[in-house]
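Trainee: mind folding the following:
(one chain, ligands or ions: 2)
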Amino acid sequence: MSKCPYQTTSAGSPVADNQNSQTAGPRGPVLMQDYQLLEKLAHQNRERIPERVVHAKGWGAFGTFTVTKDISKYTRAKIFDTVGKQTPLLTRFSTVAGELGAADAERDVRGFAVKFYTEEGNWDLVGNNTPVFFIRDPLKFPDFIHTQKRHPKTNLRSPTAMWDFWSQSPESLHQITILMSDRGLPTDVRHINGYGSHTFSFWNNDGERFWVKFHFKTQQGHRHWTNEEAEKVVGKTRESTQEDLFSAIENGNYPKWTVNVQIMPEADAEKTSYNPFDLTKVWPHSEYPLIEVGEMELNRNAENYFAEIEQAAFSPSNVVPGIGFSPDKVLQARIFSYADAHRYRIGTHYEALPVNAPKCPVHHYHKDGSMNFFGNKSGSTDAYYEPNSFGGAVQNPDVAEPPLKISGDADRYNHREGNDDFSQPAALFNLFDDGQKQRLFNNIAGAMQGVPQNIIDKQLALFDKVDPAYGAGIRAALKA
Ligand code: NDP
Ligand code: HEM
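Mentor: Ligands and ions are numbered 1, 2, ... in the order given. Here you go, the predicted structure:
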């Protein structure tokens, strides 16, 4: 008996020779009946699935969430019900614009997606390393992403397209300021914060609702590269983040984040000076302080990157009882977009794949479809419709979310009216010391190279409105 198992075809038939094709004579040609050869070539042709339309380049790991503080007065979610409770999780970090083979050390927002395998189903928090986003209306998302991807004719990234869009979208100023600041080019993903970014909701056992924002604060501290440093890194390795995260975990140096929430009582949403459901805004810490909830630790690498990270499917639609959505328009659109993307990118039954499968019983009445390898999921063979008299799974009114009062006339409201796009970027700008400001000016000026002057002027006028010193600093950097 060999030490290794014997090789087989995918139908399990033993393989006698995996070195030599079957041929008519030693010089060939090959025989049509060499099914091993045909199977190998056919499988190779099917090794790629479409890359993610955004966030294609990514790095992932498994870990644990541990509750450190009791927040059960805000939410009935079982993941938070006991201090010390641990829940397994998967994270995937990413850049947004680059393709699957892009270099890691690029200036870009980092995706920060977490799948908590809770006892009441998977809860996915699909956030970024920034608390805000470039747009507040989802109708703008495909246009915005087109400006980040390649020009149809040159097949190159286009700074002109980016600044053309941004200079006509003042709501992007807050996120641009973060992207062009030191934190816009992190050395790796152990040294970044993560944010749920949107406002979500919590509801408790008494049927009370709270608005909530999630913050993951790195315990490793922040580390970033200047553009010049990153150029040298990319010259040496395009996989700096993969190398860093993978080797830290292999060496037992497990990265950790402190998980915090900001809580807003439901009625406060009518009172804040800003729209708390606007994705381009934060809730100031002075008004809604961070409340510690737990700790996230990453402690296990995937055994197979493709199966467990590339096929991972995160979706903001995955919430569990006690955690809900909010009126945030972008969040509402994402509830549709991700599961739709997964059905196209991975396949109808993507949630049955081991990495995506909940670690709790799953009972539904979805039937058939390609690659259905799970059989009956209703809990009873004769119950393949609902309602039924054969003991199939039934609804559970105990997990019904409290009703949310909504009013208003259906219309397309101008989201740029009555929104202050300047004060919060100004607050951030004024957090920076002189060195940070100068690097911000330089980064923006560098990113504007080759952009037509009329577009630059439009954008500078917006920076002036944030703070005259912001616009002036960029003008000086552009001259230099
Ligand atoms: P605070 O002074 O209480 O908080 C400042 C926040 O800014 C901290 O969370 C800090 O993160 C973060 N920060 C520091 N440098 C950068 C950077 N280069 N890029 C992004 N974030 C950075 O202020 P406020 O709550 O009143 O907010 C003021 C501004 O701070 C906001 O307009 C917003 O731009 C930014 N901010 C606010 C957050 C919030 O939820 N209130 C969250 C993140 C940023 P850390 O503690 O990790 O150093
Ligand atoms: C990935 C759509 C806004 C974070 C994706 C994907 C789509 C998408 C289609 C690819 C999914 C896949 O194939 O697996 C959208 C739309 C948005 C939006 C339509 C707005 C209308 C946002 C925002 C955030 C975000 C605001 C963060 C706050 C992410 C992350 C991923 C991702 C982290 C990668 C997830 C992973 O690692 O697999 N987005 N997105 N997106 N998006 Fe968004």
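Trainee: need the residues of the stretch 201-350 of the chain near ligand 2, please.
Mentor: Neighbours of ligand 2 within the stretch 201-350 of the chain, by CB under 6 Å from any ligand atom: 312-314, 330, 333-334, 337-338, 341-342, 345. Every residue, glycine included, has its C-beta placed from N, CA and C.
Trainee: out of these, which end up buried?
Mentor: Buried residues within these, counting neighbours by 16 or more other CB atoms under 10 Å: 312-314, 330, 334, 337-338, 341-342, 345.
Trainee: what are the ranges of the helices in the stretch 101-250 of the chain?
Mentor: With helices called from DSSP state H, counting those that start in this stretch, the stretch 101-250 of the chain shows them at 141-148, 159-167, 173-180, 227-236, 240-250.
Trainee: dump those helices into a markdown table; add mean pLDDT and mean neighbour count as well.
Mentor: Shown next, in a markdown table, are the helices of the stretch 101-250 of the chain (pLDDT from 0 to 100; neighbours: other CB atoms under 10 Å):
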| stretch | mean pLDDT | mean neighbour count |
| --- | --- | --- |
| helix 141-148 | 98 | 16 |
| helix 159-167 | 98 | 19 |
| helix 173-180 | 98 | 23 |
| helix 227-236 | 98 | 13 |
| helix 240-250 | 98 | 18 |
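Trainee: the longest helix seen in the chain: what's the following helix or strand?
Mentor: In the chain, assigned by DSSP state H, the helix with the most residues is helix 329-345. Once the chain leaves helix 329-345, the next helix or strand it forms, by DSSP states H and E, is helix 423-429.
Trainee: name the residues that touch that following helix?
Mentor: The contact list for helix 423-429 (CB atoms under 8 Å, 6 or more residues apart in numbering) reads 132, 173-174, 176-178, 181, 274, 280-282, 284, 437, 440, 466-467, 469-470.
Trainee: buried ones only from those residues, please, as a PyMOL command.
Mentor: What follows is the PyMOL syntax selecting those of the contacts of helix 423-429 that are buried according to 16+ other CB under 10 Å:
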select buried, resi 132+173+174+176+177+178+181+280+281+282+437+440+466+467+470
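Trainee: please tell me how far Tyr470 sits from Thr177.
Mentor: Noted for Tyr470: a distance of 8 Å to Thr177, by CB to CB, to the nearest Å.
Trainee: quick check: the farthest pair among the buried ones among the residues of the stretch 201-350 of the chain next to ligand 2?
Mentor: Ala312 and Val330 (21.8 Å; CB to CB).
Trainee: before we move on, the earlier item: of the buried ones among the residues of the stretch 201-350 of the chain next to ligand 2, which is the nearest to Gly294?
Mentor: Phe314 (19.3 Å).
Trainee: how about the contacts made by that closest one?
Mentor: By CB under 8 Å, 6+ apart, Phe314 lies in contact with 92, 113-115, 124, 126, 338.
Trainee: could you redo the last one with a cut-off of 6 Å?
Mentor: Phe314 makes contact with 113, 115, 124, 126, according to CB atoms under 6 Å, 6 or more residues apart in numbering.
Trainee: including neighbour count, could those go into JSON lines?
Mentor: Converted to JSON lines, the contacts of Phe314 look like this (neighbours: other CB atoms under 10 Å):
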{"residue": "Ala113", "neighbour count": "24"}
{"residue": "Lys115", "neighbour count": "25"}
{"residue": "Asp124", "neighbour count": "22"}
{"residue": "Val126", "neighbour count": "22"}
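Trainee: which of those sit farthest apart?
Mentor: Every pair of the contacts of Phe314 checked by CB to CB; the farthest is Lys115 and Val126, at 8.8 Å.
Trainee: neighbours of the closest residue to Ala230 other than its chain neighbours, how many?
Mentor: Closest residue to Ala230 apart from its sequence neighbours, by CB to CB, 6 or more residues apart in numbering: Ala105 at 4.3 Å. Close neighbours of Ala105, defined as other CB atoms under 10 Å, add up to 26.
Trainee: what do you get for Ser380?
Mentor: Neighbours around Ser380, by other CB under 10 Å: 14.
Trainee: and for Leu279?
Mentor: Neighbour tally, Leu279, other CB under 10 Å: 23.
Trainee: what secondary structure does it sit in?
Mentor: With DSSP: H, G, I helix; E, B strand; the rest coil as the basis, Leu279 sits in coil.
Trainee: with His174 as the reference, measure out to whatever residue of the stretch 301-450 of the chain ends up closest to ligand 1.
Mentor: Nearest residue of the stretch 301-450 of the chain to ligand 1: Leu428, at 3.2 Å (CB to the nearest ligand atom). Leu428 sits 7 Å away from His174, going by CB to CB.
Trainee: before we move on, what about Gly84?
Mentor: The value you get for Gly84 to His174, if CB to CB is used, is 37 Å.
Trainee: ok, Leu156 next?
Mentor: 27 Å.
Trainee: enumerate the residues of the chain near ligand 1.
Mentor: Going by CB under 6 Å from any ligand atom, the residues of the chain near ligand 1 are 131, 178, 181-183, 193, 217, 282-286, 424, 427-428, 431.
Trainee: residues contacting the nearest residue to Trp283 once chain neighbours are set aside?
Mentor: With CB to CB, 6+ apart as the criterion, Trp283 has its nearest non-adjacent residue at 5.3 Å, and that residue is Gln262. Taking CB under 6 Å, 6+ apart, we find Gln262 in contact with 213, 283, 288.
Trainee: mind listing what the helix or strand Gln262 falls within pairs with, with the direction of each?
Mentor: Element membership for Gln262, per DSSP H and E: strand 256-265. When pairs are called by DSSP bridges, strand 256-265 turns out to pair with strand 209-218 (antiparallel), strand 291-300 (antiparallel).
Trainee: and the last one, what's buried?
Mentor: Of the residues in strand 291-300, those buried by neighbour count under the rule 16+ other CB under 10 Å are 293-298, 300.
Trainee: do you know the pLDDT at Phe202?
Mentor: At Phe202, the pLDDT value in this model is 98.
Trainee: contacting residues for it?
Mentor: 74-75, 210, 212.
Trainee: ok, these vs Asp398, which is closest?
Mentor: Thr75 (15.0 Å).
Trainee: report the contact partners of that closest one.
Mentor: Contacts of Thr75 by CB under 6 Å, 6+ apart are 202, 204, 322.
Trainee: and which of those residues is nearest ligand 2?
Mentor: Among those, and counting by CB to the nearest ligand atom, the member closest to ligand 2 is Phe202, at 18.2 Å.
Trainee: once you drop chain neighbours, what's closest to that closest one?
Mentor: Closest to Phe202 by CB to CB, 6+ apart is Thr75, at 3.8 Å.
Trainee: now the stretch 351-480 of the chain against ligand 2: closest residue?
Mentor: For the stretch 351-480 of the chain, CB to the nearest ligand atom, closest residue to ligand 2: Asn356, 10.5 Å.
Trainee: quick one: that residue and Ala313 touch, right?
Mentor: Yes - counting by CB atoms under 6 Å, Asn356 touches Ala313, with 5.0 Å between them.
Trainee: hey, what's in contact with both of the two?
Mentor: Tyr350.
Trainee: got a list of what the closest residue to ligand 1 within the stretch 1-150 of the chain touches?
Mentor: The nearest approach of the stretch 1-150 of the chain to ligand 1 comes at Pro131, 4.1 Å away (CB to the nearest ligand atom). The neighbourhood of Pro131, defined by CB under 6 Å, 6+ apart, consists of 195, 197, 282.
Trainee: same check, this time on Asp70
Mentor: By CB under 6 Å, 6+ apart, the contact list for Asp70 reads Val83.
Trainee: and for the one 4 residues further on?
Mentor: When the contact criterion is CB under 6 Å, 6+ apart, the partners of Tyr74 are 202, 204, 210, 263.
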